[in-house]
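Structure, please.
(2 chains)
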Number of protein chains: 2
Amino acid sequence: MQKRPLILVTNDDGITAPGIRTLISVMNEIGDVIVIAPDSPQSGMGHAITLDSTIYCDAVTIDEGPQLEYRCSGTPADCVKMAISEILNKKPDLCVSGVNHGANSSINVIYSGTMSAAVEAGIEGIPAIGFSLLDYSWNAKFDHLKKHIKSLALNVLERGLPDGVVLNVNFPKIAGDDFKGIKICRQARANWVEEFDKRVNPQGKEYYWLTGKFINLDRGEDTDLWALNNNYIAVVPVGFDLTAHHFLPSLNNWKL
Amino acid sequence: MQKRPLILVTNDDGITAPGIRTLISVMNEIGDVIVIAPDSPQSGMGHAITLDSTIYCDAVTIDEGPQLEYRCSGTPADCVKMAISEILNKKPDLCVSGVNHGANSSINVIYSGTMSAAVEAGIEGIPAIGFSLLDYSWNAKFDHLKKHIKSLALNVLERGLPDGVVLNVNFPKIAGDDFKGIKICRQARANWVEEFDKRVNPQGKEYYWLTGKFINLDRGEDTDLWALNNNYIAVVPVGFDLTAHHFLPSLNNWKL
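Next comes the predicted model:
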């Protein structure tokens, strides 16, 4: 890559989250940075888009640095659409999303606003990476991730990604920088067993909070959960052709 | 299947939408029906779940029939979680979602609340089908779909679906019942080119509406878009292992 790349940065925890501030500081070392991120937390938004409501998008200054920043009232996927169609006058060379405060490994990729932004960029033909740290705390430590984020971003800028593929990168929560290395993985087969916490509101009406336990059903040592449990940085290539190709022949035999 | 199956019905257009009322009437012919559906339209919600807010879920009667019904303030994915963890005392034999007012073919499967409900059921190990009609009108005609919906549901109940696979069924909009047949398809590679409609609110502040044009980039005759354009009912088997398995070997060669 000859000239400085144009890099779009977004997330789902909101534009002021420490995770995205870390990501911005790393991307400023690599290229020209535009940030378009939600004005409020959007965790669990999946690939939601705003169809029936209005979207605001305003230039803001959050902290010092060369980046240009916009805060957007929409979802993470909206932010990427807004960036590409309205704010930027050329296609970015890279889109990075995160660093998410909390895991987006395994089935969580489906619920994740962080990854939906990366996937949305991928749909638009932009190389994209979602980054997440297995630490939900607002005050999580991100500094030790910087060199790994920079290396992964430079690799993707240099090599590109095939059409229809983005990367999902999860960092284990460990003290210091004692990562065992980077593992290329598949998404583990795991799911949530929900437990709704039923309560009664001050008006006497029942309501619920969604809670749950995460259950790993997958014993494979080639999965993101295995890698994270063994202190590796997990990198999963993620696609958005949801066709279950392996089942096409059998389904054809149903003679519907 | 010996005894009457237990069938969970949901959607994303809301519990009073004509599309779900059609689906309920067909399922009442096949099994014991429980409806848990959003209390308001949830189109474009993708796989969003409610993490930071409360959820209400109340028994209601919308129209006559043997079905039990609950309206839920959450997303389509929340409705399925609520059904399985809180309302039902056994796992349903089938989950059907829809009939959506509008297409969920191609990349729209990612944005679709209808399909996210079916996928959520699939994650929970329940055979599931999402149904959509290529007609956004609230007053769309659904009666001519009934025999096809019944046949597909009976086939899935009889044969089951493999772990990790649900069905995405789209009906073309044609006059009468002149479907050419059912085509088993893959998801077409297509996307939206967004055009944000920029306006000024009464307080003088700029805001946007998300609009766009749908572009088919895929010339294949084995896609859902080809089938629908040629008056076939399109059936795509959909998975939720998003790993881009074909790119794993190349990514390993990056030696990260």
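
Could you use CA atoms for every contact and neighbour count after this?
Will do.

where does chain A dip in pLDDT?
Of all residues in chain A, those with pLDDT under 70 make up the ranges A:1-2.

Strands of that one, residue ranges please.
Secondary structure of chain A (DSSP state E): strands at A:6-10, A:32-38, A:57-60, A:68-72, A:94-101, A:128-133, A:165-171, A:182-184, A:190-200, A:206-216, A:233-239.

what does the shortest one contact?
By Cα atoms under 8 Å, 6 or more residues apart in numbering or on different chains, the surrounding residues in contact with strand A:182-184 are A:222, A:224, A:227, A:232, A:233, A:234, A:235, A:236, B:248, B:251, B:252, B:256.

Quick check, the fifth one in contact with residue A:227.
Yes - the pair residue A:233 and residue A:227 passes the contact test of Cα atoms under 8 Å, sitting 6.8 Å apart.

that older thread, what subset of the contacts of strand A:182-184 is buried?
Judged by neighbour count, with 16 or more other Cα atoms under 10 Å in any protein chain shown as the criterion, the buried members of those are A:222, A:224, A:227, A:232, A:233, A:234, A:235, A:236, B:248, B:251.

Including distance to residue A:130, could those residues go into TSV?
Shown next, in TSV, are the buried ones among the contacts of strand A:182-184 (distance: Cα to Cα, whole Å):
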residue	distance to residue A:130
A:222	20
A:224	14
A:227	17
A:232	16
A:233	13
A:234	12
A:235	10
A:236	10
B:248	17
B:251	16
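
Looking at those, which one is closest to residue A:194?
For residue A:194, the nearest member of the buried ones among the contacts of strand A:182-184 is residue A:224. The distance, counting by Cα to Cα, is 21.7 Å.

And for residue A:177, nearest residue in space, chain neighbours not counted?
If the residues on either side of it in the chain are set aside, residue A:177 comes closest to residue A:144, at 5.8 Å by Cα to Cα, 6 or more residues apart in numbering or on different chains.

close enough to count as contact, the one you found and residue A:175?
No - using Cα under 8 Å as the test, residue A:144 is too far from residue A:175 to be in contact (9.5 Å).

ok, those two, which is more surrounded?
In this view residue A:144 and residue A:175 are compared by other Cα atoms under 10 Å in any protein chain shown, and residue A:144 has more residues nearby, 13 against 9.

For the more buried one, give its distance to residue A:129.
Residue A:144 sits at a distance of 18 Å from residue A:129 (criterion: Cα to Cα, to the nearest Å).

surely residue A:77 meets residue A:120?
Yes - shown here, residue A:77 and residue A:120 form a contact pair, counting by Cα under 8 Å, at 5.9 Å.

between the two, which one's more packed in?
Relative neighbour count places residue A:77 above the other of residue A:77 and residue A:120, with 30 against 24, counting by other Cα under 10 Å.

So what's the residue count around the closest residue to residue A:150 other than its chain neighbours?
Take residue A:150 and drop its neighbours on the chain: the residue closest to it by Cα to Cα, 6+ apart is residue A:26, 6.2 Å away. Using other Cα under 10 Å, residue A:26 has 20 neighbouring residues.

Cross-check the contact I'm expecting between residue A:192 and residue A:217.
No - with the criterion set as Cα under 8 Å, residue A:192 and residue A:217 do not qualify as a contacting pair; they are 10.4 Å apart.

between the two, which one's more packed in?
Taking residue A:192 and residue A:217 together and counting by other Cα under 10 Å, residue A:192 has the greater number of neighbours (16 against 10).

Against residue A:172, how distant is the nearest residue to the more buried one once chain neighbours are set aside?
Leaving aside its chain neighbours, residue A:192 sits nearest to residue A:214 (4.4 Å; criterion: Cα to Cα, 6+ apart). Counting by Cα to Cα, the gap from residue A:214 to residue A:172 is 16 Å.

ok, those two, which is more surrounded?
Residue environment comparison for residue A:214 versus residue A:172 gives the larger neighbour count to residue A:172, 22 against 13, counting by other Cα under 10 Å.

Was I right to think the more buried one contacts residue A:225?
No - contact criterion Cα under 8 Å: residue A:172 and residue A:225 do not qualify, at 9.6 Å.

how about the residues of the stretch 151-256 of chain A near chain B?
Taking Cα under 8 Å from any Cα of the partner chain as the test, the list of the stretch 151-256 of chain A residues beside chain B reads A:152, A:165, A:182, A:184-187, A:189, A:191, A:193-196, A:206-210, A:236-245, A:247-248, A:251-252, A:256.

Buried ones among these?
By the neighbour-count criterion of 16+ other Cα under 10 Å, these include these buried positions: A:152, A:165, A:182, A:184-187, A:189, A:191, A:194-196, A:207-210, A:236-245, A:247-248, A:251.

count of neighbours near residue A:85?
17.

Tell me the spacing between it and residue B:10.
In this structure, residue A:85 and residue B:10 are separated by 34 Å, where distance is defined by Cα to Cα.

Next: residue A:62.
42 Å.

more crowded one of these two?
When residue A:62 and residue B:10 are compared for neighbours, residue B:10 comes out ahead with 33 against 14, by other Cα under 10 Å.

ok now do that one, which residues does it touch?
Each residue near residue B:10 by Cα under 8 Å, 6+ apart is listed here: B:20, B:35-38, B:76, B:79-80, B:95-98, B:114, B:117.

redo that, cut-off 6 Å
Taking Cα atoms under 6 Å, 6 or more residues apart in numbering or on different chains, we find residue B:10 in contact with B:35, B:36, B:37, B:97.

out of these, who's nearest residue A:106?
When the contacts of residue B:10 are ranked by distance to residue A:106 (Cα to Cα), residue B:97 comes first, at 24.3 Å.

got the contact list for that closest one?
Contacts for residue B:97 were tallied using Cα under 6 Å, 6+ apart; they are B:9, B:10, B:11, B:114, B:130.

Could you single out the nearest of those to residue A:148?
residue B:114 (38.1 Å).

wait, isn't that closest one in contact with residue B:9?
No - counting by Cα atoms under 6 Å, residue B:9 is not a contact partner of residue B:114; they are 10.7 Å apart.

Could you find the closest non-adjacent residue to residue A:36?
According to Cα to Cα, 6+ apart, the nearest residue to residue A:36 is residue A:70 (4.7 Å).

any idea how far residue A:149 is from residue A:189?
Applying Cα to Cα, one obtains 26 Å for the distance of residue A:149 from residue A:189.
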